[in-house]
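Enquirer: I need the structure of the sequence given here:
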Amino acid sequence: MGSMIWCEVALWPNCSDMATAICHAPAFIDSFHERMISATQSKHRQGIKSMFILICWAIWHERNSRVFNDKEFFFRQICCFIKDEAREWAFAGAKALRKVRGNAQVMS
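Expert: From the prediction side, this is the model:
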């Protein structure tokens, strides 16, 4: 499900460069991160770095929910969680994330 989440976020208006990294997903997260950043336009790199942290955190949060609370979230719920968190982070001052989000209506 993790790769599906990355693909969904790559549909956001200014996140399409992430698709290059997703198509060539390596076995290690640090290589994936490096590939994703290098595939991104320089004006969106800081926002993509924030998005990377947010997505990893959302996946970790869902995993902990399964393990410790025996509660599983569906794909759409996780995507909505990411969208809502990105909006809150941008509202709280993550300006670079705001640029990457665009209008972010795709995940609604």
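
Enquirer: okay, CA-based contacts and neighbour counts for the rest of this
Expert: Will do.

Enquirer: buried stuff in the helix or strand harbouring Arg98?
Expert: Here Arg98 is covered by helix 95-101, with elements defined by DSSP states H and E. Within helix 95-101, the residues that qualify as buried are 96-101, counting by 16 or more other C-alpha atoms under 10 Å.

Enquirer: give me the neighbour count for Leu11.
Expert: Taking other C-alpha atoms under 10 Å as the neighbour definition, Leu11 ends up with a count of 17.

Enquirer: buried stuff in stretch 63-82?
Expert: In stretch 63-82, counting by 16+ other C-alpha under 10 Å, buried: 63, 78-79, 81-82.

Enquirer: so how far does it reach from one end to the other?
Expert: Taking C-alpha to C-alpha, to the nearest Å, the first and last residues of stretch 63-82 lie 14 Å apart.

Enquirer: distance from the chain centre to that stretch, please.
Expert: Averaging C-alpha positions (C-alpha atoms, centre = their mean, to the nearest Å) puts stretch 63-82 15 Å from its chain's average.

Enquirer: keeping just the C-alphas, turn stretch 34-49 into PDB.
Expert: Provided in PDB are the C-alpha atoms of stretch 34-49 (Å, rounded to 0.1, in the frame of the first residue of the first chain):
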ATOM      1  CA  GLU A  34      17.700  11.000  -3.100                       C
ATOM      2  CA  ARG A  35      16.200  10.000  -6.400                       C
ATOM      3  CA  MET A  36      12.900  11.800  -5.600                       C
ATOM      4  CA  ILE A  37      14.700  15.000  -4.700                       C
ATOM      5  CA  SER A  38      17.000  14.900  -7.700                       C
ATOM      6  CA  ALA A  39      14.000  14.400 -10.000                       C
ATOM      7  CA  THR A  40      12.200  17.400  -8.600                       C
ATOM      8  CA  GLN A  41      12.500  20.900 -10.000                       C
ATOM      9  CA  SER A  42      14.700  23.000  -7.700                       C
ATOM     10  CA  LYS A  43      11.800  25.400  -6.900                       C
ATOM     11  CA  HIS A  44       9.800  22.500  -5.400                       C
ATOM     12  CA  ARG A  45      12.600  20.600  -3.600                       C
ATOM     13  CA  GLN A  46      12.100  22.000  -0.100                       C
ATOM     14  CA  GLY A  47       8.300  21.200  -0.400                       C
ATOM     15  CA  ILE A  48       9.000  17.700  -1.600                       C
ATOM     16  CA  LYS A  49      11.300  17.100   1.300                       C
END
